[in-house]
Structure formats: C-alpha cells, structure tokens
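In: sequence first, predicted model second:
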Amino acid sequence: MFLFGFHAVSSRIRQNPQSVLEVYLDSTRRDPRARQLASLLEQHKIKVNYLDSARLDGMIGSGRHQGVVAKVDASRKYLALDDLLDTLENDALLLVLDGIQDPHNLGACLRVADAFGVDAIIAPKDRAVGLNATAAKVASGAAETVPFVTVTNLARALRQMKEAGVEIIGTAEDGETDIFETHLDGPIAWVLGAEGTGMRRLTRENCDRLVRIPMEGMVESLNLSVTSGILMFETCRQRRLAKEKK
C-alpha cells in the first residue's frame, strides 16, 4: 500500500514507523519541509529513494503526492468490534458509515472523528471504500489515531452494539426530531448512510431513533463529512454543558 503527501507520511512515521517499508522523495526538492522529512527518515532508519516527479506520478496514478510517497505494510491491524465494545465507557462516541464510497469523504470523516474524540469509525467490509492511500492522505494523520473497524454484517454489528448498551441514532431527512431537540447522553453510535442513497433498509431498521439536521436554505442535503462534523459537534457540546452543570 502507498501513502502520499507530507502530512500523511510524516504522521505514519511518528505513529507507527515499523510499518513504513521505504519512502520515495522527489529528487528536485531541497526545501525545509523535504529536509525535515529526510531527517525524520534518518532518525527512524527508514530507507529513502530519490526519484523524479514523473516516476512518483506513475507510482500512485492521479493524486497530489507533493513529492513524497511511502510504501507501507498493508497488513494494518484493524480493531475488532468485540475488542472495541469491551473497552467502551459511558460517554463513548462512535461513527458508523453505511456504505461510504468516496475516499475523500472517508478521510474527512476520520479528521472529524479525531477532532471530536470519536472512539472508532465502523464500516462494512463490502460495498464501501476501504482505508486506502487517498483516504489516509485526506485524513492528514487521523487514519493513525482513529480506530477503523470493518464488519462483515453491519446490521448484526448494530444489534451487537445495542446489546452492549450503545444507543444507535440514524440520520435521515424524515427523522422524528431534529438534532437540536435531541438529548445526547450515554454511549452513542451515529449512523450515516452512503452518498446519494442514504442508509440501507436493514441499517435503518436497527436504529433506535432517527434524527434530522434542520435545513433553512434551498439545498436538500449536506456532504457526508460536513454532516458528521455537525453531529459530533452537537454531541460534544451537549456533553460539555452537562459536565459543567454537575
């Protein structure tokens, strides 16, 4: 697997240097950012190869590599759902993505999750984009800090979460209440459907309740990562206020 971009590569080195097999740098870059990365590679004794920009383009296809590409161990250890549920606390916060297709959206959701202290992102293994190089680059390091749990059967996973005491809240335009009228306490898993199609029927049926985001303008929906940001912000806002009142 390849990672590209200074932030994604540097974050992987700092978080898990053993997983970085070798790094390819643009031979024409001599700027401070390139020198800083070269120093980091030397510190961790990671092999570096200097190539021209065309060779780097050929390695990753389209994408803004910024002159740095890393070959990393593809056998990334994903957290199992059972292990995750065993460690959850009363204020647990999860994000469930039902069939996300765009790696840019996944990367942005990872950044949101990192910013608001989400315990993990959960997604189905099939019919969804995986944590590929593009998603990792967009995540700007969050792919290394936010556990990414993949499950073979999302409906079964949602039932398992409910049995562990997690409330499953789905997002839908026809939700019974809007988010600002929704009391958000205890362990929560927010469920977002795929771009354009929304939640699948079984996913929707396994939600404890459905909540909508009130829309004042002409657009009918928001980008998936924007929606996740609103949900995480409101959840954390309510929880902070609740703590201040104690």
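Out: Alright, I've got the coordinates.
In: for this protein, what's the longest helix?
Out: helix 224-245 (DSSP state H).
In: buried sites along it?
Out: Within helix 224-245, the residues scored as buried using 16 or more other C-beta atoms under 10 Å are Leu224, Ser225, Thr227, Ser228, Gly229, Leu231, Met232, Glu234, Thr235, Cys236, Gln238, Arg239. Quick note: C-beta positions are derived from backbone N, CA and C, even for glycine.
In: burial measure for Pro32, as a count.
Out: When neighbours are counted by other C-beta atoms under 10 Å, Pro32 registers 7.
In: now do it, the pLDDT please.
Out: pLDDT recorded at Pro32 is 90.
In: Ser75 now?
Out: pLDDT at Ser75 comes out at 55.
In: picking that back up, need the buried residues of helix 224-245 in TSV with pLDDT, can you?
Out: Listed next are the buried residues of helix 224-245 as TSV, based on pLDDT from 0 to 100:
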residue	pLDDT
Leu224	90
Ser225	92
Thr227	93
Ser228	95
Gly229	96
Leu231	96
Met232	96
Glu234	96
Thr235	96
Cys236	95
Gln238	93
Arg239	92
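In: where does Val149 land on pLDDT?
Out: pLDDT recorded at Val149 is 89.
In: that one belongs to a strand, doesn't it?
Out: Yes: assigned with DSSP: H, G, I helix; E, B strand; the rest coil, Val149 falls within a strand.
In: what about the helices in the chain?
Out: Using DSSP H, helices in the chain cover 6-15, 32-43, 53-60, 81-87, 103-115, 133-139, 154-163, 201-205, 224-245.
In: in JSON lines, list the ones you listed along with distance to Thr177.
Out: As requested, the helices of the chain are exported to JSON lines (distance: least, C-beta to C-beta, whole Å):
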{"stretch": "helix 6-15", "distance to Thr177": "38"}
{"stretch": "helix 32-43", "distance to Thr177": "47"}
{"stretch": "helix 53-60", "distance to Thr177": "44"}
{"stretch": "helix 81-87", "distance to Thr177": "27"}
{"stretch": "helix 103-115", "distance to Thr177": "22"}
{"stretch": "helix 133-139", "distance to Thr177": "31"}
{"stretch": "helix 154-163", "distance to Thr177": "19"}
{"stretch": "helix 201-205", "distance to Thr177": "16"}
{"stretch": "helix 224-245", "distance to Thr177": "12"}
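In: that's all I had, so thanks and see you.
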